[in-house]
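1. predicted model and sequence below, questions to follow.
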Amino acid sequence: MVSKTYGAAVIGVDAHVVTIEVSVGQGLKFFMSGLPDNAVKQSEHRVNSAIQAAGYRPPRTKVIVNLAPADMRKEGCSYDLAIALAMLHASGEVKSLQLERFMIMGELSLDGTVLPIKGVLPIAIEARKRKFDVLILPKGNIREAGIVSDLNVIGVENIREAVDYLTGKISLSPVSVNTREIFNDELDDYEVDFNDVQGQENIKRSLEIAAAGGHNVIMIGPPGAGKTMLAKRLPTILPPLSLREALETTKIHSVAGKLGAQASLIACRPFRSPHHTTSDVALVGGGGFPQPGEISLAHNGVLFLDELPEFRRSVLEVMRQPMEERRVTISRARISIDYPANFMLIASMNPCPCGFYNHPEKDCVCGPGNVQKYLNRVSGPLLDRIDMHVEVTPVSFDEMTSGRKTESSTEIRSRVIAARNIQEARYEELDGVYANAMMPTASIKEYCEINQAGRALLKTAMDRLGLSARAYDRILKVSRTIADLAGSESIDIGHLAEAIQFRSLDREGWAG
């Protein structure tokens, strides 16, 4: 007898329906076809043990399991439950199972417990798209799938409960999740705030400009100056996620298996901070069966690279194209996958190996040429994609202990949102552009027009400070953001002057 049900395979950030067919007939052995990986092939042992633990008899004859389409690779343990239920039906052990109206996913333990899986959100989206009556999942995944509207999601704890539900012996209620309520409740659920920071007003101003225009930033300063502390607070002043952005972000984290059992919707902008020993695959994504990397997990949020020169050169260089295109393409012999990677890059670094070059109080002990050699670990093409270079100096004792009330993240964010609204209106006709950092080169002349005095200032800055030609567009984009924060339609000479100071590493002789 042949029994059929449905599951899904997650490829990239999208799911594709998989038909699970089981035939039980005369003969011996267990056969599986449909391009399964080793984890899927080993389901034979998990399924037989789970069926027996639930009080049923696994078939002792020939069993053929086919996962269609046969040319799509299947991986992981998430097909266990569907295979087990189809085997019980095909062998006649359990009758009257209405499997063809359901999508069923779940990993089985040897005692029959149904364990959580990853990639549930794209699976639920595909189930709704294909109009399945019910999606049956492990109980640990139902809140994640429940954010998809117009879909009945049923959670089961073990294979016995799944069989009883499908045969009508018990009734299980679909999970109910109020997506908008969760989204609104967790929208500003940050543990840090800018009002915790004493001093560093110039750095706060720099990060406000970066947040307002979506600009990438590198902070250069000695150890203990507060670079990491300030970077961690950047997401708190970015505009809140829209519901669409929240779903996009949750989808990526679901595929990567980064959501907890009680998680449903990511409502705060992600902040990812990989260690400098990370590999290029871990950063941009990939592997034998491609998975999203840190730059995709930071989608719609912040990627923080602490101690930038300590990262391997090859790791940093692979980021150059994703930073420009805001997506990363992973290509393999059989498949090519696109992952979104629209993130703000915040990097930090010491100015030299000892960390005290240009320190106001401590002397640098690095030998001649060591400072420049250290800075050269970060390539020019990568620095070309970083709009703002911010020099961070230590906070004095008096500033740290002043107890002066400082601006909260909410106050700063209100100005950032106002500037972003101006930019969204400006670029409404440009597809995929909503911040000044995304402005295409062809639009700079139209939106970043400067007067004669501004051109003279910019020419003088480039000549006297030795600024590179690549700094020109970056300065104009940042000055456009500064003007937006000030509510000015035109770029004034003051806006340009402030933007010029954010090109420290382009200055000839900066490292001595």
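-> Ah, there it is. Numbering: from 1, shown residues only.
2. my read: P59 touches S23, true?
-> No: judged on Cβ atoms under 8 Å, P59 makes no contact with S23 at a distance of 10.3 Å. C-beta: built from backbone N, CA, C; applies to glycine.
3. which residues do those two both contact?
-> Common contacts of P59 and S23, defined by Cβ atoms under 8 Å, 6 or more residues apart in numbering, comprise A90.
4. and the residue lying closest to S279 once chain neighbours are set aside, how many neighbours?
-> Leaving aside its chain neighbours, S279 sits nearest to V315 (6.8 Å; criterion: Cβ to Cβ, 6 or more residues apart in numbering). By other Cβ atoms under 10 Å, the residues close to V315 number 19.
5. what sits against V315?
-> Per Cβ under 8 Å, 6+ apart, neighbours of V315: 278-280, 283.
6. of all the residues you listed, which comes closest to P239?
-> L283 (25.7 Å; Cβ to Cβ).
7. ok, the closest one touching P292?
-> No: between L283 and P292 there is no contact under Cβ under 8 Å: 10.7 Å.
8. of those two, who's got more company?
-> P292 (27 against 24).
9. bridging residues for that one?
-> Listed by DSSP bridges, the beta-bridge partners for P292 are G285.
10. isn't it right up against Y339?
-> Yes: contact criterion Cβ under 8 Å: P292 and Y339 qualify, at 4.9 Å.
11. which residues do those two both contact?
-> 13, 252, 285.
12. and the residue nearest to S279, which helix or strand is it part of?
-> Under the criterion of DSSP states H and E, V315 resides in helix 313-317.
13. mind listing what's buried in that helix?
-> By neighbour count with 16 or more other Cβ atoms under 10 Å, helix 313-317 contains the buried residues 315-316.
14. what about whatever helix or strand comes next after that helix, distance to the chain center?
-> Where DSSP H and E defines the elements, the next helix or strand beyond helix 313-317 is helix 320-325. Distance of helix 320-325 from its chain centroid, counting by Cα atoms, centre = their mean, to the nearest Å, is 15 Å.
15. as JSON lines, the contacts of V315 with pLDDT and secondary structure would be great.
-> Formatted as JSON lines, these follow (pLDDT from 0 to 100; DSSP: H, G, I helix; E, B strand; the rest coil):
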{"residue": "T278", "pLDDT": "92", "secondary structure": "coil"}
{"residue": "S279", "pLDDT": "92", "secondary structure": "coil"}
{"residue": "D280", "pLDDT": "89", "secondary structure": "helix"}
{"residue": "L283", "pLDDT": "92", "secondary structure": "helix"}
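16. out of those, which end up buried?
-> 280, 283.
17. for the contacts of V315, which one is nearest F311?
-> The nearest one, if we look at the contacts of V315 relative to F311 and count by Cβ to Cβ, is T278, at 7.5 Å.
18. burial of H45, as a residue count?
-> When neighbours are defined as other Cβ under 10 Å, H45 has 11 of them.
19. for it, which three-state class applies?
-> Under DSSP: H, G, I helix; E, B strand; the rest coil, H45 falls in the helix class.
20. and it, how close does it get to N66?
-> Distance, H45 to N66, using Cβ to Cβ, to the nearest Å: 19 Å.
21. which strand in the chain runs the most residues?
-> The longest strand of the chain (DSSP state E) is strand 14-25.
22. pull out the buried residues from that one.
-> Using 16+ other Cβ under 10 Å as the test for burial, strand 14-25 gives 14-15, 17-18, 20-24.
23. how is this structure carved up into domains?
-> 2-177, 194-506 (automatic domain parsing).
24. quick revisit: could you dump the contacts of V315 to a markdown table with distance to G403?
-> Converted to a markdown table, the contacts of V315 look like this (distance: Cβ to Cβ, whole Å):
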| residue | distance to G403 |
| --- | --- |
| T278 | 39 |
| S279 | 45 |
| D280 | 46 |
| L283 | 41 |
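25. which parts of the stretch 351-500 of the chain are strands?
-> 388-391 (DSSP state E, counting those that start in this stretch).
26. ranges for the helices of it?
-> 370-375, 380-383, 397-400, 409-426, 441-447, 452-464, 471-485, 493-500 (DSSP state H, counting those that start in this stretch).
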